[in-house]
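Visitor: how does the following fold in three dimensions:
(chains A and B)
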There are 2 protein chains.
Amino acid sequence: MSRLLHYGSRLAALGAAAGTGWWFGFTSRELDGLPEGLFSGVFGKVSAAALQGYSMQAPAELAPLDPDVPRVTQIMQYGFPSLNNVRARADYVISYDARNRVPYWVCEHLTADRLAKNPDVDRSKCDFHEDPSIHEYFRSENKDYKSSGFDRGHMAAAGNHRLSQFDCNQTFLLSNMAPQVGKGFNRDKWNELESYCRKLTRSYANVYVCTGPLYLPRQEEDGKLYVKYQVLGPNHVAVPTHFFKVTNIQGWC
Amino acid sequence: MSRLLHYGSRLAALGAAAGTGWWFGFTSRELDGLPEGLFSGVFGKVSAAALQGYSMQAPAELAPLDPDVPRVTQIMQYGFPSLNNVRARADYVISYDARNRVPYWVCEHLTADRLAKNPDVDRSKCDFHEDPSIHEYFRSENKDYKSSGFDRGHMAAAGNHRLSQFDCNQTFLLSNMAPQVGKGFNRDKWNELESYCRKLTRSYANVYVCTGPLYLPRQEEDGKLYVKYQVLGPNHVAVPTHFFKVTNIQGWC
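Guide: Residues are numbered from 1 along each chain as shown, chains lettered A, B, ... in the order given. Okay, here's the model as predicted:
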């Protein structure tokens, strides 16, 4: 997605689940309408699993797809960031990091029609549940998060999948979660960033969102750089140091 | 490779690049002929990128392949541990971890014939060199290791690839390296473990070796578990906490 980053997309990295501050960055377009205080600096070279170069040659903008093509084709129109442990859900696509028991990335495709209020969908009926498609050796469980102090933070946001109760339920698979600080992050700035992505559909016909965790190094007292992150519960679910969202917006309307 | 682990293979994890001690484990067979002091305990559930379950259903032993099938087919007869950033080299196969700039895993296939001394191959003519097949954003470079105090440790061992100078040269691609403590590890116990794998070809017709890094958590003073590892140079090359080798041995001879 490198060229997309330069020519038609926005990259955000917020930190941190572990309370180490936060960043926001962009490349060639100005940001507008973001939650106050969300922008603090330009983001540089990242260690993002999501940016592995498969889509380096993708054109800046592709023609809209026929709405009858398979949903996964629509969501992934600009290519797969990587190909490890990919699962195509009804309304999002995930690459699962079996080492860290959280996603590498999650891709979504937002449109105004798909985000319209739907009285048939009730988020409160959704339960966080294990993902049986992930081998039990590498699966996260509710007990990993219990009493940890961290939220089960959605990567594909529940509020982005309102076409059916089934679509919404699938965002509650634990494979779609990563540990996030609740107050001040998941329930605040991160939630605002999710809302911001949805609001982009008021201005653009297609909003493609790629979301995932980062594990960024910090310099310690010995002058060396270290990556350090907590792991939770018996399955050692990683607590990312930061999170990113890349949005690729298409079709000003 | 889970069933392989139980029925016909051996798993070794040595730590550490960062000097945190070492383990060695096995499952159902006894170990013999290992370097003195290499065995210290049974290895439990690991956070190994290499064990992602793709080969869970592989049979305990497959029939030998026709020697004329492509080399990659021979090396990977028991399946791919995972599918991210896979590169098939002339005599080994690698999955590259773009986040950490080291391999996820490297697979090799050793036989007595292939390991025979070859006067046409001179290891001293090999130079560590960048891997142009990895995008420059995610590539490790010699400058990352320079003055770091760590060796550029081969995952596919140079001594395992003696059929041609080209084969040996390919093990010096930096994508095949991970930072290792030199004295006491890379040049000692790790080297002995590599030799041990080669010696297995005296007793077995086919020795399949899967090698890679681990990032294992440790409990800190606050009682919580953390994964912590140093990263080197401008490309942030990860220093794994431990390394593993899985050997799958076939055809007692």
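
Visitor: show me where the stretch 1-150 of chain A has its strands.
Guide: Per DSSP state E, counting those that start in this stretch, the stretch 1-150 of chain A has strands spanning A:9-15, A:86-88, A:93-97, A:102-110, A:150-154. These are given in chain order.

Visitor: now, of those strands, which is deepest in the fold?
Guide: Stretch with highest mean neighbour count among those: strand A:102-110 (a mean of 26; mean count of other C-beta atoms under 10 Å in any protein chain shown). (C-beta placed from N, C-alpha, C; glycine too.)

Visitor: that older thread, mean pLDDT for the strands of the stretch 1-150 of chain A: which is lowest?
Guide: Least confidently modelled of the strands of the stretch 1-150 of chain A is strand A:9-15, at a mean of 58 by mean pLDDT.

Visitor: ok, which residues in the stretch 151-253 of chain A are in contact with chain B?
Guide: Where proximity means C-beta under 8 Å from any C-beta of the partner chain, the interface of the stretch 151-253 of chain A facing chain B comprises A:215, A:217, A:224-232, A:236, A:238.

Visitor: pLDDT weak spots in chain A?
Guide: Along chain A, segments meeting pLDDT under 70 span A:1-60.

Visitor: which residue is nearest the middle of it?
Guide: In chain A, the centroid-proximal residue (C-alpha atoms, centre = their mean) is A:Thr211; its distance is 2.0 Å.

Visitor: circling back: can you add distance to A:Thr171 and give the strands of the stretch 1-150 of chain A back as TSV?
Guide: Converted to TSV, the strands of the stretch 1-150 of chain A look like this (distance: least, C-beta to C-beta, whole Å):
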stretch	distance to A:Thr171
strand A:9-15	19
strand A:86-88	13
strand A:93-97	10
strand A:102-110	9
strand A:150-154	6
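
Visitor: ok so, going back, beta partners of the residue nearest to the centre of chain A?
Guide: Residues found in beta-bridge contact with A:Thr211 (criterion: DSSP bridges) are A:Val106, A:Lys245.

Visitor: so what's the residue nearest to A:Val93 when sequence neighbours are not counted up against?
Guide: Counting by C-beta to C-beta, 6 or more residues apart in numbering or on different chains, the nearest residue to A:Val93 once its immediate chain neighbours are dropped is A:Cys107, at 4.7 Å. Listed by C-beta atoms under 8 Å, 6 or more residues apart in numbering or on different chains, the contact set of A:Cys107 reads A:75-76, A:80-81, A:92-94, A:208-210.

Visitor: 10 Å instead?
Guide: By C-beta atoms under 10 Å, 6 or more residues apart in numbering or on different chains, the contact list for A:Cys107 reads A:50, A:72, A:75-81, A:86, A:88, A:92-95, A:155-156, A:208-212, A:246, A:248.

Visitor: out of the residues you listed, which end up buried?
Guide: A:50, A:72, A:75-78, A:80-81, A:86, A:92-95, A:155-156, A:208-212, A:246, A:248 (16 or more other C-beta atoms under 10 Å in any protein chain shown).

Visitor: partner residues bridging the closest residue to A:Arg218 other than its chain neighbours?
Guide: For A:Arg218, ignoring the flanking residues on the chain, the nearest one in space by C-beta to C-beta, 6+ apart is A:Tyr226 at 6.5 Å. With DSSP bridges applied, A:Tyr226 shows beta-bridge pairing to A:Arg218, B:Gln230.

Visitor: roughly how far apart are A:Tyr226 and B:Lys228?
Guide: Using C-beta to C-beta, to the nearest Å, we find A:Tyr226 at a distance of 6 Å from B:Lys228.

Visitor: same question, A:Pro67
Guide: As defined by C-beta to C-beta, A:Pro67 lies at a distance of 48 Å from B:Lys228.

Visitor: give me the more crowded residue out of those two.
Guide: For A:Pro67 versus B:Lys228, the count of surrounding residues by other C-beta atoms under 10 Å in any protein chain shown is larger for B:Lys228: 17 against 9.

Visitor: confirm that the more buried one sits in a helix.
Guide: No - using DSSP: H, G, I helix; E, B strand; the rest coil, the assignment for B:Lys228 is strand, not a helix.

Visitor: what's near enough to touch it?
Guide: By C-beta under 10 Å, 6+ apart, the residues touching B:Lys228 are A:220, A:226-230, B:18, B:20, B:215, B:217-218, B:220, B:241.

Visitor: filter those residues down to the buried ones.
Guide: Those of the contacts of B:Lys228 that meet the buried threshold are A:227-230, B:18, B:215, B:217, B:241, by 16+ other C-beta under 10 Å.

Visitor: between those residues, which sits nearest A:Asp151?
Guide: A:Gln230 (13.9 Å; C-beta to C-beta).

Visitor: show the end-to-end separation of stretch A:145-155, please.
Guide: Stretch A:145-155 has an end-to-end distance of 16 Å (criterion: C-alpha to C-alpha, to the nearest Å).

Visitor: how about stretch A:140-156?
Guide: The distance separating the two terminal residues of stretch A:140-156, taken as C-alpha to C-alpha, comes to 16 Å.

Visitor: chain center to it, what's the gap?
Guide: Centroid separation for stretch A:140-156 versus its chain: 16 Å, with C-alpha atoms, centre = their mean, to the nearest Å.

Visitor: next one: stretch A:187-199
Guide: From the chain centre to the centre of stretch A:187-199 is a distance of 11 Å (C-alpha atoms, centre = their mean).

Visitor: also stretch A:179-197?
Guide: For stretch A:179-197, the distance between its averaged C-alpha position and the chain's averaged C-alpha position is 11 Å (C-alpha atoms, centre = their mean).

Visitor: now that stretch: buried residues?
Guide: When neighbours are counted by 16+ other C-beta under 10 Å, the buried residues of stretch A:179-197 are found to be A:179-182, A:185-186, A:189-194, A:196-197.

Visitor: export those as a markdown table, with columns for secondary structure.
Guide: What follows is the buried residues of stretch A:179-197, written out as a markdown table (three-state DSSP):
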| residue | secondary structure |
| --- | --- |
| A:Pro179 | strand |
| A:Gln180 | strand |
| A:Val181 | strand |
| A:Gly182 | helix |
| A:Phe185 | helix |
| A:Asn186 | helix |
| A:Lys189 | helix |
| A:Trp190 | helix |
| A:Asn191 | helix |
| A:Glu192 | helix |
| A:Leu193 | helix |
| A:Glu194 | helix |
| A:Tyr196 | helix |
| A:Cys197 | helix |
